[in-house]
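Enquirer: no sequence for this one, just the structure:
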């Protein structure tokens, strides 16, 4: 797995989100990918991932802008890797565990696999970082 | 990868949690494993995973009891798999995104790898399921 493909995937997810083209977004996922969102909803398969995101991008994420930053990548087996991506979201409607329109920040884990000459996300799990809350230090 | 190892890992994490033996708990993880907890804290490596859990099990999780249920498993490459595990936690102090002592439920993603004749967790990401909240449907 090469660094260019890894960075390219981050760029593509960011661009897809910000263009609100959820078909483009979903194309980054394996056909049978899993997606656990920040509220613990679990979506299964590229089709459901596209459908749920299309619904939210027609609504509270319509004018949202997301910035992504690759925080870590490691290959865990030939052709399979784990990526950790930090994100910041602005311009959204009320959303997230705090139901807020304030800037949201989070950490997103992707398990990725080489497939047909590119990387696809096989498993995705996303969480708002709540550490900044005075009543909720970074603890479970 | 065989079903017995997959189920065995779920049982071992559950038993380790409920015995509050965080050295046993951490032994289920790869030396360089990643762990993103429900508040978005990101711990790196078996040592930090043990240390943070030992701290919480000396405190708010001291008398907690967790039940785990394997919801899905798939092999994504030879010797590498993705597991989704549902959990329910009781007997804990104030914790989770809601800072509650009420029963908590969640969904936990594990990326696992065969290593030395057993499965180890390479990447772990955990989230409280907030769907039950009247103000927060299962949406991001």
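Expert: That came in fine, so what should we check first? Keep in mind that what you see is a predicted model, and the values were worked out from it rather than measured.
Enquirer: Count the neighbours of residue A:74 for me.
Expert: 14 (other Cβ atoms under 10 Å in any protein chain shown). For glycine as for every other residue, the C-beta is placed from the backbone atoms N, C-alpha and C.
Enquirer: To clarify, my last question referred to residue A:90.
Expert: 13.
Enquirer: Could you measure from it over to residue B:57?
Expert: Remark: distance between residue A:90 and residue B:57 (Cβ to Cβ, to the nearest Å) = 37 Å.
Enquirer: got it, and residue A:96?
Expert: For residue A:96 relative to residue B:57 (Cβ to Cβ), the value is 28 Å.
Enquirer: Compare these two (neighbour count), which wins?
Expert: Neighbours were counted for residue A:96 and for residue B:57 using other Cβ under 10 Å; residue A:96 has more, 25 against 19.
Enquirer: Need phi/psi at the more buried one.
Expert: Per-residue torsions, residue A:96: phi 80, psi 170 (degrees, to the nearest 10).
Enquirer: for residue A:119, what are its contacts?
Expert: A:1, A:5, A:6, A:8, A:9, A:81, A:112, A:113 (Cβ atoms under 8 Å, 6 or more residues apart in numbering or on different chains).
Enquirer: change it to 7 Å
Expert: By Cβ atoms under 7 Å, 6 or more residues apart in numbering or on different chains, the contact set of residue A:119 is A:5, A:6, A:9, A:112.
Enquirer: hang on, the first one is in a helix, isn't it?
Expert: Yes: when classified by DSSP: H, G, I helix; E, B strand; the rest coil, residue A:5 is found to be part of a helix.
Enquirer: what's the burial count for it?
Expert: Neighbourhood size, residue A:5 [other Cβ under 10 Å]: 14.
Enquirer: out of everything not next to it in sequence, what's closest to it?
Expert: Spatially, and ignoring its direct neighbours in sequence, residue A:5 is nearest to residue A:119 (5.0 Å; Cβ to Cβ, 6 or more residues apart in numbering or on different chains).
Enquirer: List the buried residues of the helix or strand containing that neighbour.
Expert: Using DSSP states H and E, the element containing residue A:119 is strand A:118-128. Across strand A:118-128, burial judged by 16 or more other Cβ atoms under 10 Å in any protein chain shown covers A:119, A:120, A:121, A:122, A:123, A:124, A:125, A:126, A:127, A:128.
Enquirer: Quick check: phi and psi at the residue nearest the centre of chain A.
Expert: Among the residues of chain A, the one closest to the centroid is residue A:108, at 5.6 Å (Cα atoms, centre = their mean). Note on residue A:108: its backbone torsions stand at phi -130, psi 120 [degrees, to the nearest 10].
Enquirer: what about the strands in chain A?
Expert: For chain A, the strands defined by DSSP state E cover A:29-36, A:42-44, A:65-77, A:80-90, A:104-115, A:118-128.
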